[in-house]
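Q: sharing a model that was predicted from the sequence below.
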Amino acid sequence: MQKQSNILRIAVPSPLYRVFDYLLPSEFTQLTPLPGMRIKVPFGRGKSTIGLLIELANQSDIEPARLKRAYKIIDSEPALPEEIMQLVSWASTYYHYPLGEALMTALPVLLRKGQTTQHVGIQIWQLTAEGKQINPNDLTRAPRQAAIMALLQTHPDGIRKEQLQQEAGNWRPAMRALIEKGWVDSFEQRDIGTVSTTQSHEKLELNSDQAKAVQNVGKALGTFSPFLLHGVTGSGKTEVYLQLIEQILEQGKQALILVPEIGLTPQLIQRFQSRFPVPLAILHSGLT
């Protein structure tokens, strides 16, 4: 085994169950490459690809003269954070899937191609400290402003344009007046494709089989415990999922739902929107 300093150990999207060692780029300027950064490397005959840095190593099983040099370190910070790297690495092992292909699948298409993405900000309206002291019922001469103030009180973290349009109609003139009074402020936050709702439907009463499923799976929440829920279409599996997700949300945690077909996404979004007054983040290959 030959000792080699500054070896980049990189996972590339290929059907091979291994990572590949490369030398630092010749025009390298960064002090410390970090796991999760995208790196353009030569791969195959006369070809190049985008890979993800797994780790830095001081030695390689490959002779130094045979090691290829990476072309370029694309990122100044990891494209995938450490916790996502760990999750995908675990999934690669559990499902016996090549690490490079699993990791690159976790990236948006533009990032897989070595391009950059542009974060689109969305505008949020929120009550100011002064606005929180105002009683909407006192605004008898400005019913539109009173309605918006009451609506904002039910959204302490702020409200988006889509919600305002849905629940407040022609809201902009009244909103401008509230901002001039110093009762409402607006700001931008990064958009991750979230969808929110203010509607909340009560959970359904479970039959004995559904209740047994919720009880058994609920006992295992917080640990990795696979379950298979078997039932024909319309047998009530989704309600079981919804009640288990409710338990997770009550613990202040998040739930990830994998949908087998993109075509099922709209109806499931509507179902989840009507049940949980929390943001939903949607990601699939049909999105821009």
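A: Arrived safely, thanks for sending. Numbers count the residues shown, from 1 in each chain.

Q: which residue, other than its chain neighbours, is closest to Leu152?
A: Using Cβ to Cβ, 6 or more residues apart in numbering and skipping the chain neighbours, the partner closest in space to Leu152 is Leu127 (4.9 Å). Any C-beta I mention is one placed from the backbone N, CA and C, and that applies to glycine too.

Q: contacts only, for that neighbour.
A: Met149, Leu152, Gln153, Pro156, Trp183, Val184, Asp185 (Cβ atoms under 8 Å, 6 or more residues apart in numbering).

Q: equivalent analysis for Ala177, please.
A: By Cβ under 8 Å, 6+ apart, the neighbours of Ala177 are Ala142, Gln145.

Q: and it, what element?
A: Per DSSP states H and E: Ala177 is located in helix 172-180.

Q: next structured bit after the top strand by length along the chain?
A: Determined from DSSP state E, the single longest strand within the chain is strand 48-60. For strand 48-60, the following helix or strand on the C-terminal side (DSSP H and E) is strand 68-69.

Q: show me what that following strand is packed up against.
A: For strand 68-69, the packing partners by 3 or more Cβ pairs under 8 Å, 6 or more residues apart in numbering; DSSP states H and E come out as strand 20-23, strand 38-42.

Q: now do the helix holding Ala177, average pLDDT.
A: For helix 172-180, mean pLDDT is 94.

Q: pull the next helix or strand after it out as CSV, backbone CA atoms only.
A: The C-terminal neighbour of helix 172-180 among helices and strands, as given by DSSP H and E, is strand 184-190. Extracted C-alpha coordinates of strand 184-190, given in CSV (Å, rounded to 0.1, in the frame of the first residue of the first chain):
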residue,chain,number,x,y,z
VAL,A,184,-47.7,43.9,10.0
ASP,A,185,-44.3,43.3,8.5
SER,A,186,-43.2,41.3,5.5
PHE,A,187,-40.0,39.3,4.8
GLU,A,188,-38.6,36.8,2.4
GLN,A,189,-37.8,33.2,3.2
ARG,A,190,-36.2,30.5,1.0
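
Q: what helix or strand is the residue nearest to Val278 when sequence neighbours are not counted on?
A: Here the nearest residue to Val278 in space, its sequence neighbours aside, is Leu249; by Cβ to Cβ, 6+ apart that works out to 6.4 Å. Element membership of Leu249 [criterion: DSSP H and E] is helix 237-250.

Q: before we move on, what about Gln210?
A: Using DSSP H and E, the element containing Gln210 is helix 208-219.

Q: next one: Val120, what pLDDT does it get?
A: So, for Val120, pLDDT stands at 64.

Q: ranking helices and strands of this protein by mean pLDDT, which lands last?
A: strand 194-195 (a mean of 54; mean pLDDT, DSSP states H and E).

Q: show me where pLDDT drops low in the stretch 101-250 of the chain?
A: Scanning the stretch 101-250 of the chain for pLDDT under 70 picks out 117-120, 190-201.

Q: hmm, back to that, buried stuff in the helix holding Ala177?
A: By neighbour count on 16 or more other Cβ atoms under 10 Å, the buried set for helix 172-180 is Ala174, Met175, Leu178.

Q: what lies in contact with stretch 74-83?
A: Taking Cβ under 8 Å, 6+ apart as the rule, stretch 74-83 contacts 30, 34-40, 50, 52, 85, 88, 103, 106-107, 111, 114.

Q: how near is the closest residue to Phe43 other than its chain neighbours to Met37?
A: Excluding its sequence neighbours, the residue lying closest to Phe43 (Cβ to Cβ, 6+ apart) is Thr49, at 4.4 Å. Distance of Thr49 to Met37, given as Cβ to Cβ, to the nearest Å: 15 Å.

Q: isn't Ala220 right next to Ala213, touching?
A: No: counting by Cβ atoms under 8 Å, Ala220 does not reach Ala213; the two are 11.5 Å apart.

Q: what do the two both touch?
A: Phe227.

Q: which of those two has more neighbours?
A: Ala213 (22 against 11; other Cβ atoms under 10 Å).
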